[in-house]
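K.L.:
dropping the sequence and predicted coords here.
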Amino acid sequence: MAHLNSLAQPSAAALLAWYDRHRRDLPWREHSGACADPYRIWLSEIMLQQTTVAAAKPYFRAFTQRWPTVADLAAAPLDDILAAWAGLGYYARARNLHACARTVAADHGGRFPDTEEDLRALPGIGPYTAAAIAAIAFGRPAAAVDGNVERVIARLFAIDDPLPKAKAAIRDATAAMVPSERPGDFAQAMMDLGATICTPKRPACTLCPWLGSCQGEAAGVAERLPVKPAKAERPVRRAIAFWAQHEDGRILLARRPEHGLLGGMAALWATPLTADTAPNVALDFAPIEAEWRRLPGEIEHVFTHFRLRLFVFATRGTTAAAPLGSRWATEQELEKAGLPTVMRKAVAHVRERQEGRPVRRRRRIRNG
Ligand code: SF4
């Protein structure tokens, strides 16, 4: 372990030299030193919020094949974007994506603005994303600080204040390191270092270009940094999804209210997901009069702020009309509807356990 006083200053040049040899090959990246297409960088950064690189890659390819420019995306119906986004989660991102594309098309002549400030004024673009686009697509010396960079910098300078208090010091330390040459590569190199070497657990310090400069490593505290506040337990909510199958085989498909959780997405009819609804009152919320069966088991799904226990009630052979806010959909239409992950789990649950215990008949019809 090196003594702290004997450590070299960490340099951007050392990181860039490492990046030139070890950079990840990602579909939205240009070769070293080149500025990338802002549309592709923006799209990838929005997808990478809360999503791993491996999960984002196929979505990125599908989006850029279908909508090669921001103008194409702006012209697309929101429903198509929501359906194409299905499975990535955090659907507010898809709605913001559409709103942002439309703003760029309408107010900026189809070209992304090239400063952090103007980028931040666009829907769904926060400080990190604005800095990442400004640096990578426009070569501006912006400090893009996400969770990966926070970790690297907190370790490099042994910043041991807990988050979020440490954020200002981390941001200042990052900004002081951004070089005027190749700021975009520096931002991407930081991301790569955090993702592949300076990992949350067991960082591979012996492979790190900053090994001789890292105060956290030298002090033997790197793995404990950054200090995170204790996580609050997620509350548990219960909800019920309804699987209704028409006698002609079609399935009742609803559309979620425009605003709120999974807003505007296609879904099975369900009780409000953020309320806590016990299964014994499920039939008060059933969409049609029918012989409903509660399917055995339940689905668990974790949202950002709560853990959902979803129960499924099913009925078959109905001839009822679809209530307001829903329609009868064929299996193929259901397949293409772009259900969010929690609803795909519910459909899989139905397929696995279609037989259940009959429960009483109920006349109540709601469309909420
Ligand atoms: S030396 Fe280790 S802890 Fe320090 S920045 Fe490199 S990988 Fe992270």
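P.N.:
Sure, I can see it.

K.L.:
and the closest residue to the ligand within the stretch 251-368 of the chain, what element?
P.N.:
In the stretch 251-368 of the chain, the residue that lies nearest the ligand is T304 (27.5 Å; C-beta to the nearest ligand atom). (C-beta placed from N, C-alpha, C; glycine too.) Per DSSP states H and E, T304 falls between elements, in no helix or strand.

K.L.:
identify the residue nearest it in space, chain neighbours excluded?
P.N.:
Y90 (7.6 Å; C-beta to C-beta, 6 or more residues apart in numbering).

K.L.:
if I pick the one you found, what's in contact with it?
P.N.:
Contact analysis of Y90 by C-beta atoms under 8 Å, 6 or more residues apart in numbering lists Q49, Q50, T51, T304.

K.L.:
the residue of the stretch 251-368 of the chain closest to the ligand: neighbouring residues, count only.
P.N.:
Neighbours of T304 under the rule other C-beta atoms under 10 Å: 9.

K.L.:
just to revisit the earlier point, gap between the residue nearest to T304 and A337?
P.N.:
Going from Y90 to A337 by C-beta to C-beta, to the nearest Å gives 19 Å.

K.L.:
same question for M343.
P.N.:
Per C-beta to C-beta, M343 is found 9 Å from A337.

K.L.:
the two: who's more crowded?
P.N.:
Neighbour totals were compared for M343 and A337, and M343 leads with 26 against 19 (other C-beta under 10 Å).

K.L.:
I'd like to know which elements the helix or strand the more buried one falls within is packed against.
P.N.:
Secondary-structure assignment from DSSP H and E places M343 in helix 341-352. Applying 3 or more C-beta pairs under 8 Å, 6 or more residues apart in numbering; DSSP states H and E, we find helix 341-352 packed against strand 236-246, strand 299-302, strand 307-318.

K.L.:
list the buried residues for it?
P.N.:
Residues V342, M343, K345, A346, V347, H349, V350 are the ones in helix 341-352 that count as buried (16 or more other C-beta atoms under 10 Å).

K.L.:
and the angle from it to strand 307-318?
P.N.:
Relative orientation of helix 341-352 versus strand 307-318 (axes from the mean of the first three to the mean of the last three C-alpha atoms, to 10 degrees): 50 degrees.

K.L.:
just want the angle from helix 341-352 to strand 236-246.
P.N.:
Computed by the same axes, to 10 degrees, the angle separating helix 341-352 from strand 236-246 equals 50 degrees.

K.L.:
re earlier: shouldn't the residue nearest to T304 be within a helix?
P.N.:
No - according to DSSP: H, G, I helix; E, B strand; the rest coil, Y90 belongs to no helix; its state is coil.

K.L.:
what is in contact with M343 and A337 at once?
P.N.:
A266.

K.L.:
what about G109, how many neighbours?
P.N.:
When neighbours are defined as other C-beta under 10 Å, G109 has 8 of them.

K.L.:
so how far is the helix holding M343 from its chain's centroid?
P.N.:
Counting by C-alpha atoms, centre = their mean, to the nearest Å, helix 341-352 is centred 21 Å from the centre of its parent chain.

K.L.:
just stretch 190-205 next, same as before
P.N.:
21 Å.

K.L.:
so which bits of that stretch are buried?
P.N.:
Quick answer for stretch 190-205 (16+ other C-beta under 10 Å): M190, M191, D192, L193, G194, I197, C198, P203, C205.

K.L.:
list the contacts of the first one.
P.N.:
The reference is to M190. L15, A144, N148, V149, V152, T174.

K.L.:
now the last one: phi and psi?
P.N.:
In terms of degrees, to the nearest 10, the main-chain angles of T174 are phi -70, psi -50.

K.L.:
check the first one too.
P.N.:
L15 has phi and psi values of phi -70, psi -40 when expressed as degrees, to the nearest 10.

K.L.:
now do the contacts for the nearest residue to F303 once chain neighbours are set aside.
P.N.:
Nearest non-adjacent residue to F303, counting by C-beta to C-beta, 6+ apart: L261, 7.0 Å away. For L261, the contact set (C-beta under 8 Å, 6+ apart) comprises L273, T274, F303.

K.L.:
what about the closest residue to the second one other than its chain neighbours, distance to N96?
P.N.:
Read it as T274. Spatial nearest neighbour of T274, chain neighbours left out: L261 (5.9 Å); criterion: C-beta to C-beta, 6+ apart. Per C-beta to C-beta, L261 is found 15 Å from N96.

K.L.:
next one: G126
P.N.:
Distance, G126 to N96, by C-beta to C-beta: 10 Å.

K.L.:
give me the more crowded residue out of those two.
P.N.:
Between G126 and N96, N96 has the larger neighbour count (other C-beta under 10 Å), namely 16 against 11.

K.L.:
I'd say the more buried one and T129 touch.
P.N.:
No - look at N96 against T129 with C-beta atoms under 8 Å: they stay out of range, at 10.4 Å.

K.L.:
between those two, what contacts are shared?
P.N.:
By C-beta under 8 Å, 6+ apart, the residues touching both N96 and T129 are I46.

K.L.:
host element of P229?
P.N.:
Here P229 is assigned to no helix or strand, by DSSP H and E.
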